[in-house]
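In: got a predicted structure here, sequence first:
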Amino acid sequence: MSSSITIQPNLLIERVLTIEIVRVTERAAVSAARLRGHGKSKDSDQAAVDAMRRELNKLPIDGTVVIGEGEMDEAPMLFIGEKVGNKTGPKVDIAVDPLEGTTLCAKNMPGAIATLAMADAGTLLHAPDCYMDKIAIGPGYPKGTVDLDAPPEENILNLAKAKGVKPSEITAILLDRPRHADIIAAIRKVGAAVALISDGDVAGVIHCAEAKTGIDIYLGLGGAPEGVLSAAALRCIGGQMQTRLIIDTEELHARILTMGIKDPKKKYEIEDMVRGDCLFAATGVTTGPMLRGVHFGKDMIETETVVMRSVTGTVRRIVAEHREFGKFHLD
């Protein structure tokens with residue numbers, strides 16, 4: 001007598017993602033880490049992309065990349081619309097940034113990560129690789145505490161009030177870019193502190209939800225792919241986020257129409273960018289506040305990864321020792 005087991009789609013997603021996507025980000029991180037400090041941003045990005053693509057294609061999924069990386073910078077990419085997986089499992093949407101912080105990796109500076117999010121098909125925002133205006137805070141605040149359309153100083157004051165502290169006890173994190181000069185001035189005018197990062201706004205948003213970082217709010221323009229990945233992480237661990245795509249060329253306007261985006265000025269909440277169950281994983285490339293970087297030992301490679309699931313709110317930190325040294329060389 002034969003028997004069969006029916007697995008609900010969300011359980012299958014969990015089984016695939018919880019361990020299998022960790023392997024994907026681990027391989028991408030190790031490949032990029034081999035070029036840490038070599039000053040070769042595109043080469044390290046290409047290495048991470050190649051490794052991530054190779055590992056994704058081993059997974060029992062029928063996946064579509066809906067958030068790719070690299071278009072804006074003409075870097076190597078897992079392109080939007082690319083099919084991945086061996087087609088034997090569930091249909092899923094995938095968002096990737098195989099190497100967030102290419103400059104950080106090239107200069108061997110803190111905070112470079114390999115990251116990926118996966119969700120049921122049709123539940124991740126399809127967006128081009130353009131700029132995105134963002135605001136994010138951690139969990140525990142009333143809905144509407146901050147608003148993307150409010151002035152920065154108003155958001156700082158409202159957040160301080162909701163937190164029960166003075167504005168001087170609020171720290172905002174932003175990318176260190178000339179375009180943010182006015183926002184930085186407004187934040188400092190009300191007495192709040194500013195933490196500037198050279199790259200890595202996925203980690204920057206996640207820092208808002210981590211008490212140990214001392215970061216309270218993320219503000220400013222960054223990449224749209226990073227925005228969707230950040231939203232996936234916050235959907236897992238809690239927090240608020242609002243975004244808006246910056247559609248400032250006719251080419252981008254035509255592109256979003258093909259992606260099904262009808263309103264270029266729409267303000268997105270987390271639930272608009274990531275619906276249903278999703279998982280998020282990130283592996284450290286260079287050691288930073290969130291994750292330790294890849295360590296190359298004599299007989300093993302060590303990695304640290306965080307993997308999260310939205311439906312349970314589970315956050316796992318996986319410190320792995322890879323003794324398959326030759327196999328892990330990814331040749």
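Out: In hand now; what should we look at? Every value quoted in this text rests on a predicted model; they were computed, and no experiment measured them.
In: helix, strand, or coil at residue 159?
Out: Following DSSP: H, G, I helix; E, B strand; the rest coil, the label given to residue 159 is helix.
In: wouldn't it be in contact with residue 219 here?
Out: No. Using C-beta atoms under 8 Å, residue 159 makes no contact with residue 219, being 10.6 Å away. (Each C-beta comes from the backbone N, C-alpha and C, glycine too.)
In: neighbour count: the two, which is higher?
Out: residue 219 (26 against 21; other C-beta atoms under 10 Å).
In: what about the more buried one, which helix or strand?
Out: Using DSSP states H and E, residue 219 sits in strand 217-223.
In: mind giving me the packing neighbours of that strand?
Out: Where contact means 3 or more C-beta pairs under 8 Å, 6 or more residues apart in numbering; DSSP states H and E, strand 217-223 is packed against strand 131-137, helix 152-163, strand 171-175, helix 181-189, helix 201-207.
In: most tightly packed of those?
Out: Highest mean neighbour count of those: helix 201-207, a mean of 28 (counted as mean count of other C-beta atoms under 10 Å).
In: tally of neighbours for residue 42?
Out: 14.
In: thinking again about what came up before, tabulate the helices and strands packed on strand 217-223 (TSV), appending mean pLDDT and distance to residue 307.
Out: Shown next, in TSV, are the helices and strands packed on strand 217-223 (pLDDT from 0 to 100; distance: least, C-beta to C-beta, whole Å):
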stretch	mean pLDDT	distance to residue 307
strand 131-137	97	20
helix 152-163	98	29
strand 171-175	97	23
helix 181-189	98	32
helix 201-207	94	13
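In: figure out which of those is closest to residue 195.
Out: strand 171-175 (4.6 Å; C-beta to C-beta).
In: which regions of this protein lie under the pLDDT threshold?
Out: Scanning the chain for pLDDT under 70 picks out the ranges 1-17, 69-76, 324-331.
In: all strands for it, in order.
Out: Taking DSSP state E, the strands of the chain run over residues 62-67, 83-84, 91-100, 113-120, 131-137, 171-175, 193-197, 217-223, 240-245, 268-269, 278-284, 295-296, 301-309, 314-322.
In: so which elements touch the first one?
Out: Strand 62-67 makes packing contacts with strand 83-84, strand 91-100, helix 224-237 when contacts are defined by 3+ C-beta pairs under 8 Å, 6+ apart.
In: note down every partner strand of that strand and its orientation.
Out: Sheet pairing of strand 62-67 (DSSP bridges) gives strand 83-84 (antiparallel), strand 91-100 (parallel).
In: got the contact list for the residue nearest the centre of the chain?
Out: Geometric centre of the chain, nearest residue: residue 229, 3.4 Å, by C-alpha atoms, centre = their mean. Neighbouring residues of residue 229 by C-beta atoms under 8 Å, 6 or more residues apart in numbering: 67, 95-97, 100, 115-117, 202, 280.
In: chain neighbours aside, what residue packs nearest to residue 277?
Out: Nearest residue to residue 277 in three dimensions, chain neighbours excluded: residue 311, at 4.4 Å (C-beta to C-beta, 6 or more residues apart in numbering).
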